[in-house]
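Novice: just the structure for this:
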Amino acid sequence: SQKNLSKIGGYMKFWDILKISCKNMMNNKLRTLLVWFMLFIMSTIVLVILSTGVGMIDFFNDNLNEGTRTYQDLTFEYKEDKKGEQIDIFKFDEIEQLENLIAKKLPQLKVIEMYCGGDNGGVVSFGDHAITITDMRYNMFFDQQDYMVSGRMWAEKDRNTSRVWINQSYANKFNKAVGDKIDIGLTIGQSTFKVYLDIFGIIKDDAIPGKIQQESNVFCDYAFMHNQGAKFTKIQFMEPINGDGLNYDSWKALKSFTNKYNKYDKATKNGIAVYTSSSDFDLMYYIMLAIIFLMVIISLVVLLLSIGCVANSIQITVEQNAQFFGVMKAIGMRNSNLYFIVYTQAVIIIFATIITASGAAVGLLSVLTPAILSFLTTLGAPPLQLSLTLPVYMPFIVLFVLIGLVILWTAKSLKGLAKKDVITMINEVGQ
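Specialist: Residues are numbered from 1 along each chain as shown. Model (predicted):
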C-alpha cells in the first residue's frame with residue numbers, strides 16, 4: 001500500500017476513495033440508516049414546501065383567468081361628489097396626456113372606452129344598446145385576423161368623423177348594412193338631440209373584448225363626440241384581445257401604477273380615481289404571499305436541521321475512524337484524500353436521500369392538491385384550479401445546497417484532524 005501511494009505521490013484513485021467511503025457506511029449500518037431516514041423526512045418536507053410555493057405562483061396566474069379570460073385594464077374616473085353630482089370632466093387635452101402616460105408606462109394598454117355621464121350634461125344615449133366611444137387612432141382588435149363581416153376597420157383617418165362601426169348581432173337585428181345611417185341621442189342641459197352616424201364596418205361578435213361585449217355594440221370616435229358636446233367622466237384602457245391576459249407580473253405593474261397615480265380623496269371626493277379590476281385579486285395575492293413566506297421560513301429551518309444531521313454524522317465518522325485515517329496517513333495518504341473520503345460519504349447519503357425524497361414528494365403533492373382545494377371550498381372559495389407538481393430543477397437545487405453547506409460546515413473539523421500528526425491520531429482512539 002505504501003509503495004502504491006508513493007508512486008502516485010500520496011494520491012488515491014477515485015474508486016479506492018469510493019470503496020473506503022462505502023465500507024465506512026456499511027460498518028455503521030444503523031447510524032447510516034438513521035441519518036438517511038432523518039434526512040429523507042426533512043428533504044421530503046423541503047421539496048414539498050418549495051414545490052407548493054412555486055405552485056402558488058401558478059395557482060395565482062391560473063385563477064386570474066378562471067372561467068373567462070381576464071384582461072388587463074385600467075380606469076381613470078372623475079367620481080360624483082357627496083351630493084351625487086358630477087363636479088368635473090376630462091378635458092380634451094387631459095385625455096391626450098393620459099393616453100401619452102399610458103403609452104409610456106403601460107404600453108400593453110390602449111384606450112378602449114370613454115363614458116359620458118353626470119349632471120354636467122353632454123350625456124350620450126343609444127336606447128337600450130351599448131355605445132362605445134373610443135379613440136379611432138387605436139384599433140382595439142389589433143392583430144386579429146378575419147374579424148370583419150363587411151366594410152373595413154377604423155383607422156387614424158377616421159378620427160373626428162361621423163363614421164361608426166357596429167357588431168354583427170345589431171346589424172342582423174335591425175337589418176343594417178355598410179352605408180346605412182344610425183342615430184344616437186346627446187343630452188345637453190335639458191335638451192336632447194340626435195347625432196347621425198354613417199356605418200363603415202360590421203364586426204364579428206366574438207371579436208369584441210369581453211368587458212365591452214354586448215348584444216348590440218356601436219363604436220364611434222371620442223373626438224367627434226366631444227365636438228358635438230359629449231362630456232367624458234371616465235376613461236377605460238384595456239389590453240388587446242390577443243394580449244397576454246392578466247398574470248402575476250402584469251398584476252404587480254397595474255398595482256404599482258394605481259398606487260402611484262390614484263389621487264382620489266375619499267373624504268372630499270376630489271381628484272381623479274385610478275383603479276383596475278385586477279384589484280379583485282388582491283386578497284388572493286396576500287394569502288399566497290403569506291403562505292409562501294411561511295413555507296420559506298419552514299424550509300430554511302428544516303434545511304438547517306438536515307445539514308446539522310449530516311454534519312454530525314460526518315463528525316462521528318471522522319472520530320470513530322481516526323485510527324484508520326492515522327494509519328493511512330502513515331503510509332502516505334494526503335490530507336486531500338481524507339477530505340474526499342469524508343465528503344464522498346456525505347454525497348452518497350445526500351444523493352440517495354434526494355432520489356427517494358423526490359419520489360415521496362411527487363406522491364405527497366398529488367395527494368395534497370385535492371386536499372388544499374377541498375379546504376378552500378370549505379372556506380367558501382369558488383371553484384379554483386390548482387396543480388402542485390415537483391419542478392424538475394427543485395431536487396437538483398436542494399441536492400447542491402445540501403452538499404455545499406455540509407462541506408462548509410464540516411471543513412473546520414476536518415482541518416483540525418488534518419493538522420494532527422499520525423501518532424496523535426492513532427493514540428486518541430486508544431486512550
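Novice: from here on, contacts and neighbour counts on C-alpha atoms
Specialist: OK.
Novice: neighbours of residue 357, how many?
Specialist: For residue 357, the count of nearby residues is 24 (other CA atoms under 10 Å).
Novice: what helix or strand is it located in?
Specialist: helix 335-378 (DSSP states H and E).
Novice: what about that helix, average pLDDT?
Specialist: Here helix 335-378 scores 82 as its mean pLDDT.
Novice: what's the answer for stretch 29-47, then?
Specialist: Across stretch 29-47, pLDDT averages out at 84.
Novice: check stretch 79-89 too.
Specialist: The pLDDT scores in stretch 79-89 average 61.
Novice: about what we covered before: helices and strands around the helix holding residue 357, which ones?
Specialist: helix 14-27, helix 29-64, helix 282-320, helix 393-419 (3 or more CA pairs under 8 Å, 6 or more residues apart in numbering; DSSP states H and E).
Novice: by contact count, what packs against the longest one?
Specialist: Put plainly, it is helix 282-320. On a contact count with 3+ CA pairs under 8 Å, 6+ apart, helix 282-320 meets helix 29-64, helix 335-378, helix 393-419.
Novice: chain center to the first one: distance?
Specialist: Meaning helix 29-64. Centroid separation between helix 29-64 and its chain, computed with CA atoms, centre = their mean, to the nearest Å, is 20 Å.
Novice: could you point out the helix or strand that follows that helix?
Specialist: Tracing the chain C-terminally past helix 29-64 and defining elements by DSSP H and E, one meets strand 73-78 next.
Novice: the following helix or strand past that following strand to strand 73-78, inter-axis angle?
Specialist: The element immediately downstream of strand 73-78 (helix or strand, assigned by DSSP H and E) is helix 92-105. Helix 92-105 and strand 73-78 are oriented at 150 degrees to each other (axes from the mean of the first three to the mean of the last three CA atoms, to 10 degrees).
Novice: where do the helices sit along the stretch 151-300 of the chain?
Specialist: Taking DSSP state H, counting those that start in this stretch as the criterion, the stretch 151-300 of the chain carries its helices at 168-173, 222-228, 248-261, 282-320.
Novice: follow-up on the earlier one: specify the angle between the helix holding residue 357 and helix 282-320 in degrees.
Specialist: Using the same axes, to 10 degrees: helix 335-378 against helix 282-320 is 150 degrees.
Novice: next, the angle from helix 335-378 to helix 29-64.
Specialist: On the basis of the same axes, to 10 degrees, helix 335-378 is oriented at 40 degrees to helix 29-64.
Novice: how distant is helix 335-378 from the center of its chain?
Specialist: Distance of helix 335-378 from its chain centroid, counting by CA atoms, centre = their mean, is 25 Å.
Novice: flag the shaky bits of the stretch 51-200 of the chain, pLDDT-wise.
Specialist: Where the stretch 51-200 of the chain drops to pLDDT under 70, the residues are 57, 59-70, 80-88, 111, 116-130, 140-145, 188-189.
Novice: returning to that earlier point: mind checking which of the helices and strands packed on helix 282-320 is nearest residue 258?
Specialist: For these, the distance to residue 258 is smallest for helix 29-64, at 18.4 Å, taking CA to CA.
Novice: that closest one packs against which elements?
Specialist: Packed against helix 29-64 by the contact rule (3+ CA pairs under 8 Å, 6+ apart) you find helix 248-261, helix 282-320, helix 335-378, helix 393-419.
Novice: could you redo the last one with a cut-off of 7 Å?
Specialist: When contacts are defined as 3 or more CA pairs under 7 Å, 6 or more residues apart in numbering; DSSP states H and E, helix 29-64 sits against helix 282-320, helix 335-378.
Novice: please tabulate the ones you listed in TSV, including the columns distance to residue 173.
Specialist: Output for those, formatted as TSV (distance: least, CA to CA, whole Å):
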stretch	distance to residue 173
helix 282-320	41
helix 335-378	43
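Novice: middle-most residue in the protein, spatially?
Specialist: With distances taken as CA atoms, centre = their mean, residue 248 lies nearest the centre of the chain, 3.8 Å away.
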